[in-house]
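# Sequence first, then the predicted structure:
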Amino acid sequence: MDRSDSPSRELRLVGRDARPDRTIVRLRSGVTFGGETLAVCAGPCAVESAEQLEAAAHAVAAAGANVLRGGAFKPRTSPYTFQGLGERGLELLRASADRHGLAVVTEVLDPRDVPTVARYADMLQIGARNMQNFALLREAGASGVPVMLKRGLAATVDEWLLAAEYLLLAGNDQVVLCERGVRSFDPATRNLLDLSVVPLLAELTHLPVIVDPSHGTGVARLVEPMALAAVAAGADGLLVEVHPEPAQAASDGPQSILPAEFRTLMERLGAIAAAVGRRLPAASLAA
Ligand code: PEP
Ligand code: MN
């Protein structure tokens, strides 16, 4: 490829050279991505009921997370499976998050839903299946609400960064990249979690990067070790699926960890964070 055609040359706004400093993404609630304090987003794959969400929110807040996750609009492979509670799910997210002092990140699937989701959420999640939904990127960019942009199922780093470029070009520089694994030849794990992109993206862009070891592995037992490895590699935060009863989960049960397992993960994360000059959200509250 001729250098003048290199996608990297098109990274006019997201490229590392576009800014002298790294971007710190700030949610309305004061949570930051990209500073010394890690952002830890945790909660169920999908909002299923008030009871389920409240149990998850209580547990993740007590363990030291600072952002509640949970899908109200679910991008399901099969149209016959649970599609999410829609706006009712957004109401539940806001209420549980407010009760526990958490911010909210939740997925928006349809450009027409951006204003509704933005009314309830502190951060819009653009999922792997929509990474190159350019209409959605433009709408989310124009909303001015911080965006978490997941890596596409089989997206190259350049494609991912160019998708982020759409958001910045639409006027929104509050963008966090989320590595969640890519399709591979090997069914041993759900996806192949690419932790090498964490230090690589630090060279290529000024945007913060977080890691999702839940979708990245698809296996609950692998979530904690890969979460610790992600922070050791320099990730600015994590996205972790936590469910009070994984066996009953409407989606992603096999990769969802229990509240007690999340607590252990957070306890072990403290030492790793300190080793790489970062702090846990709860530690910065206490400081
Ligand atoms: C999710 O976060 O539940 C989700 C659907 O993730 P992804 O888009 O990474 O598959
Ligand atoms: Mn999920």
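Structure's in. What do you need? Treat the numbers as computed from the prediction; the structure is a model and nothing was measured. Numbers count the residues shown, from 1 in each chain. Ligands and ions are numbered 1, 2, ... in the order given.
# For the chain, which residue gets nearest to ligand 1?
The nearest approach of the chain to ligand 1 comes at G127, 3.0 Å away (Cβ to the nearest ligand atom). Using the backbone N, CA and C atoms, a C-beta is placed for each residue, glycine as well.
# what's the burial count for that residue?
G127 has 23 neighbours, counted by other Cβ atoms under 10 Å.
# Could you report the pLDDT at it?
The score at G127 is 98. That number is its pLDDT.
# Hmm, L109 and it touching each other?
Yes: here G127 reaches L109: they are 7.3 Å apart, a contact under Cβ atoms under 8 Å.
# Can you name the next helix or strand after whichever strand or helix holds L162?
In this assignment (DSSP states H and E), L162 forms part of helix 157-169. For helix 157-169, the succeeding helix or strand toward the C-terminus, using DSSP H and E, is strand 175-179.
# Can you spell out which helices and strands pack onto that next one?
Packed against strand 175-179 by the contact rule (3 or more Cβ pairs under 8 Å, 6 or more residues apart in numbering; DSSP states H and E) you find strand 147-150, helix 157-169, helix 197-204, strand 209-211.
# at 6 Å what do you get?
With contacts taken as 3 or more Cβ pairs under 6 Å, 6 or more residues apart in numbering; DSSP states H and E, strand 175-179 sits against strand 147-150, strand 209-211.
# That strand pairs with which strands?
Strand pairing for strand 175-179, using DSSP bridges, gives strand 147-150 (parallel), strand 209-211 (parallel).
# Just put these in TSV and tack on mean pLDDT.
Listed next are the strands paired with strand 175-179 as TSV, based on pLDDT from 0 to 100:
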stretch	mean pLDDT
strand 147-150	98
strand 209-211	99
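# Show me the one of the ones you listed that comes nearest V25.
Taking Cβ to Cβ, strand 147-150 is the member of those nearest to V25, at 8.7 Å.
# Could you report the neighbour count for A128?
A128 has 22 nearby residues by other Cβ under 10 Å.
# now swap in I24 and tell me
The burial count for I24: 14, using other Cβ under 10 Å.
# So for the helix or strand where V223 lies, what gets flagged as buried?
Element membership of V223 [criterion: DSSP H and E] is helix 220-232. Neighbour-count burial for helix 220-232, counted by 16 or more other Cβ atoms under 10 Å, picks out 220, 222-224, 226-232.
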